[in-house]
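I'll drop the sequence and a predicted model, then ask my questions.
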Amino acid sequence: MRIVLMGPPGAGKGTQAKKLAEFFGVPQIATGDILRAAVQEGTPLGKKAKEYMDKGLLVPDDVMTGIVKERLQEKNTENGFILDGFPRTIPQAESLEKILEEMGVKLDAVVNIVVPRQELIERFAGRRVCEVCGSTYHIKYNPPQKEGICDKCGGKLITRADDDVRTVEKRIDVYERETKPLVDYYQRKNMLVNIDGNRPIETVFEDIKSRLRGEG
Ligand code: ADP
Ligand code: AMP
């Protein structure tokens, strides 16, 4: 299964990507996670990316395309992948098409998770992530069993640096301007599957699975 997960920041891409990756037995490739790991390690990529991420801006296309190309060529993508957070611009989508063509494979679908802006703001305010394994929680909608502690690995739950209200507003604006045109792009290619993301996590997951199976 080769899938792209699209949608505004906070739509639930990471949450659904993890569940789909487990269900289909393929890796989740989250470009935001790759960048955050580089920032934490203090690599040259991390230092460069941080300047953009802190401002809520997109990291340049050539940098992102290089990262994704390298990652897609790793062995564990043989049976597929869930791309989460890439592509985010038309040039990134065009590059992805070339990369997949060179690999001799095709995307099965582009899943677009739709959530209204006001709901996104609420989600950011309550998002907590594990600083060790990256698992995502929400203090109200998806709370951990023990406050502040990751259910999966016992790591500490923290608030993401770019989840403050001002940066969040900026990130949603950037999405509207630079990423939303991809909805039309993939619609024209007949690859788009629109999903109402303003429902409980399990309902959204079941809907995505049945739509990918061609039901509904
Ligand atoms: P994205 O990867 O698109 O930025 P996340 O998967 O990190 O989004 O989800 C953003 C926040 O909203 C997290 O705190 C997550 O637990 C929560 N969340 C995800 N999906 C839902 C949902 N369907 N209903 C309510 N909250 C959700
Ligand atoms: P995310 O974890 O998907 O919300 O991404 C966090 C941040 O990483 C974004 O706000 C961007 O600064 C950067 N980023 C992640 N993926 C991309 C991408 N495909 N293109 C450009 N920037 C990205």
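Yep, that arrived. Ligands and ions are numbered 1, 2, ... in the order given.

going forward, measure contacts between C-alpha atoms and count neighbours the same way
Noted.

And the lowest-mean-pLDDT helix or strand in the chain, what does it pack against?
Lowest by mean pLDDT, DSSP states H and E among the helices and strands of the chain is helix 117-126, with a mean of 92. Using 3 or more CA pairs under 8 Å, 6 or more residues apart in numbering; DSSP states H and E, the elements in contact with helix 117-126 are helix 165-174.

again, only using 10 Å
The elements that helix 117-126 packs onto, with contact taken as 3 or more CA pairs under 10 Å, 6 or more residues apart in numbering; DSSP states H and E, are strand 136-138, helix 165-174.

Which element is encountered next along the chain beyond the shortest one?
The first helix or strand that comes after strand 136-138 along the chain, using DSSP states H and E, is strand 157-158.

The last one too?
Where DSSP H and E defines the elements, the next helix or strand beyond helix 165-174 is helix 181-188.

quick one, phi psi at Lys180?
phi -60, psi -30 (degrees, to the nearest 10).

ok, back up a step: in the least confident helix or strand of the chain, what's buried?
120-121, 123-124, 126 (16 or more other CA atoms under 10 Å).

Over to stretch 62-72?
Neighbour-count burial for stretch 62-72 [16+ other CA under 10 Å]: 64-65, 68, 72.

from the residues you listed, which is closest to Arg188?
The closest of those to Arg188 turns out to be Thr65 (CA to CA; 22.4 Å).

Pull the contacting residues for that closest one.
Contacts of Thr65 were listed using CA atoms under 10 Å, 6 or more residues apart in numbering, and they are 71, 86-87, 91-96, 99.

And Leu45, by the same measure?
35, 38-39, 63, 67.

Equivalent analysis for Ile67, please.
Contacts of Ile67 (CA under 10 Å, 6+ apart): 31, 34-35, 45, 61.

Look up how far ligand 2 lies from it.
From Ile67 across to ligand 2, the span is 9 Å (CA to the nearest ligand atom, to the nearest Å).

Ok, Tyr137 next?
14 Å.

Quickly list what that residue is bridged to.
Arg128 (DSSP bridges).
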